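K.L.:
okay, here's the prediction I keep looking at, along with the sequence it came from:
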Amino acid sequence: MPRFPRLAGALGAAAAALALLAASPATAVAPPLSDARILVHLDLAAGQMPENSAPEPDGSLDVTFLRAAQIARISPAGGVTVLADLPFEENPNTPLVGFAAATGLARAHDGTLYAAYATGTPLTGVYRLDCDGTLTRIAQLPPDGLPNGLALDEEAGVLYSADSAQGVVRRIPLDGGEPTVWASGTLLEPTAFIGANGIKVHHHAVWVSNTDRGLLLRIPVRHDGTAGPIGTAVEDLGGIDDFTFTGEHQDTVLAALNLSNQVAYVNVRDGSRTIVLTADDGLTSPTSVAVHRSTVFVTSAAFNPPPDPNVLTARLHR
């Protein structure tokens, strides 16, 4: 999650902006992506700012709505269903943003969802949403932190949570054990606003983006589960938010560059990158990227104008 500017009077211009977007045929989509389109326009006034995402086997997309503090599902046809409301916090004091924020999201193979929730109060933590709709907090996290990205390692039975305010990665047992700081250091810390942000488990390592520093970091997972040394995989990714690998055996990622309204296709071996989506495709502060088979999903939270939070889809050619 990036800097959260004022929503300002932009809400009043929403209808006109959406009409302009709908009328414009401009597109900047580039290989290996094609066929970019907006799947659904969301309701900014209702707090439907999609922050993080996880695809379902049927082609639906589960998302967290940042400001509404909800977990929702978006169908392949663009229908929106709210799956759960996170606990109401009357006086949130969330670090950096000041409101109760639904942030990271991860999905287990059985359909269980895990969501991070930051409030600046004892409600801050990680919540589990079972397939029957039961919502349970499985871990309490420090109120003075901002749990953001969330990654699941089912084989190890743990979640990894990136804290954007404290600049650490925490390891959280799925069985409800005590969260611990798994990795810390300068490379994870913020320089001005948002530090460790997006997070993924890939090839026996935990990968973390640092928004302020424009870095994609790799942290090896040792045989005993402890963290190896933090290394910089890719530099100069200004405003990077969340990201995803393009496949289980791929060394390429699609990274949301929030501040520039772009998605970059990045080779993590040599750092080469290509801009594959831009504001011309409909991006408005992109926050996360997810891949299901050959479909790419990009969520945009509209932190800056135009006031058009949305979900974009594109086709991935491997």
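P.N.:
Perfect, I can see it now. Quick caveat, the model's predicted, so the values are computed rather than measured.
K.L.:
now do the buried residues in stretch 238-247.
P.N.:
By neighbour count, with 16 or more other CB atoms under 10 Å as the criterion, the buried positions of stretch 238-247 are 239-246. (C-beta placed from N, C-alpha, C; glycine too.)
K.L.:
kindly check the end-to-end length of it for me.
P.N.:
23 Å (CA to CA, to the nearest Å).
K.L.:
show me what contacts D236?
P.N.:
214, 271 (CB atoms under 8 Å, 6 or more residues apart in numbering).
K.L.:
how about a cut-off of 7 Å?
P.N.:
G214 (CB atoms under 7 Å, 6 or more residues apart in numbering).
K.L.:
three-state assignment of it?
P.N.:
Using DSSP: H, G, I helix; E, B strand; the rest coil, the structure places D236 in coil.
K.L.:
distance-wise, check it relative to V298.
P.N.:
In this view, D236 and V298 are 21 Å apart by CB to CB, to the nearest Å.
K.L.:
ok, the residue most central in space within the chain - contacts?
P.N.:
Residue closest to the average C-alpha location in the chain (CA atoms, centre = their mean): N52, at 3.3 Å. By CB under 7 Å, 6+ apart, the residues touching N52 are 63-64, 103-105, 149, 242, 287-288.
K.L.:
over to L217?
P.N.:
187, 207-208, 210, 230-233.
K.L.:
in strands only, show me the residues you listed.
P.N.:
Of those, the ones assigned to strands by DSSP state E are 207-208, 210, 231-233.
K.L.:
hmm, back to that, which single one of the contacts of N52 is nearest to V201?
P.N.:
Among the contacts of N52, G149 lies closest to V201 (CB to CB), at 11.2 Å.
K.L.:
avg pLDDT for the longest strand belonging to the chain?
P.N.:
When the chain is parsed with DSSP E, its longest strand is strand 33-41. Regarding strand 33-41, the rounded mean pLDDT is 98.
K.L.:
dump the following helix or strand past it to CSV, restricted to CA.
P.N.:
Note on strand 33-41: by DSSP states H and E, the next helix or strand toward the C-terminus is strand 50-55. Output in CSV follows, covering the C-alpha atoms of strand 50-55 (Å, rounded to 0.1, in the frame of the first residue of the first chain):
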residue,chain,number,x,y,z
PRO,A,50,-8.9,-2.8,-4.0
GLU,A,51,-5.7,-3.2,-2.1
ASN,A,52,-4.6,-6.8,-2.5
SER,A,53,-5.9,-9.8,-4.4
ALA,A,54,-5.9,-13.6,-4.8
PRO,A,55,-7.4,-15.5,-7.7
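K.L.:
all strands of the stretch 201-318 of the chain, in order?
P.N.:
205-210, 215-220, 231-234, 240-245, 252-257, 262-267, 273-277, 286-292, 295-300, 310-316 (DSSP state E, counting those that start in this stretch).
K.L.:
sorry, back to before: widest-spaced pair of the contacts of N52?
P.N.:
V63 and G149 (13.8 Å).
K.L.:
point out where the chain drops to low pLDDT.
P.N.:
1-26 (pLDDT under 70).
K.L.:
apply 50 and report the result again.
P.N.:
Scanning the chain for pLDDT under 50 picks out the ranges 3-25.
K.L.:
do I have it right that T232 meets R213?
P.N.:
No: counting by CB atoms under 7 Å, R213 is not a contact partner of T232; they are 8.9 Å apart.
K.L.:
quick one, what contacts the residue lying closest to Q250 once chain neighbours are set aside?
P.N.:
The spatial neighbour of Q250 that comes closest, neighbours along the chain excluded (CB to CB, 6 or more residues apart in numbering), is R318 at 7.5 Å. Counting by CB under 7 Å, 6+ apart, R318 touches 32, 246-247.
K.L.:
same check, this time on A68
P.N.:
Counted by CB under 7 Å, 6+ apart, A68 has contacts 46-48.
K.L.:
same question for P95.
P.N.:
Per CB under 7 Å, 6+ apart, neighbours of P95: 120, 144-146, 165.
K.L.:
from these, which single one is nearest T278?
P.N.:
L146 (27.9 Å).
K.L.:
next one: the nearest residue to that closest one once chain neighbours are set aside from G120, what distance?
P.N.:
Excluding its sequence neighbours, the residue lying closest to L146 (CB to CB, 6+ apart) is A165, at 4.0 Å. A165 sits 10 Å away from G120, going by CB to CB.
K.L.:
for the closest residue to I275 other than its chain neighbours, give me its contacts.
P.N.:
Leaving aside its chain neighbours, I275 sits nearest to Q262 (5.1 Å; criterion: CB to CB, 6+ apart). Counting by CB under 7 Å, 6+ apart, Q262 touches 275, 277-278, 283.
K.L.:
cheers, nothing more for now.
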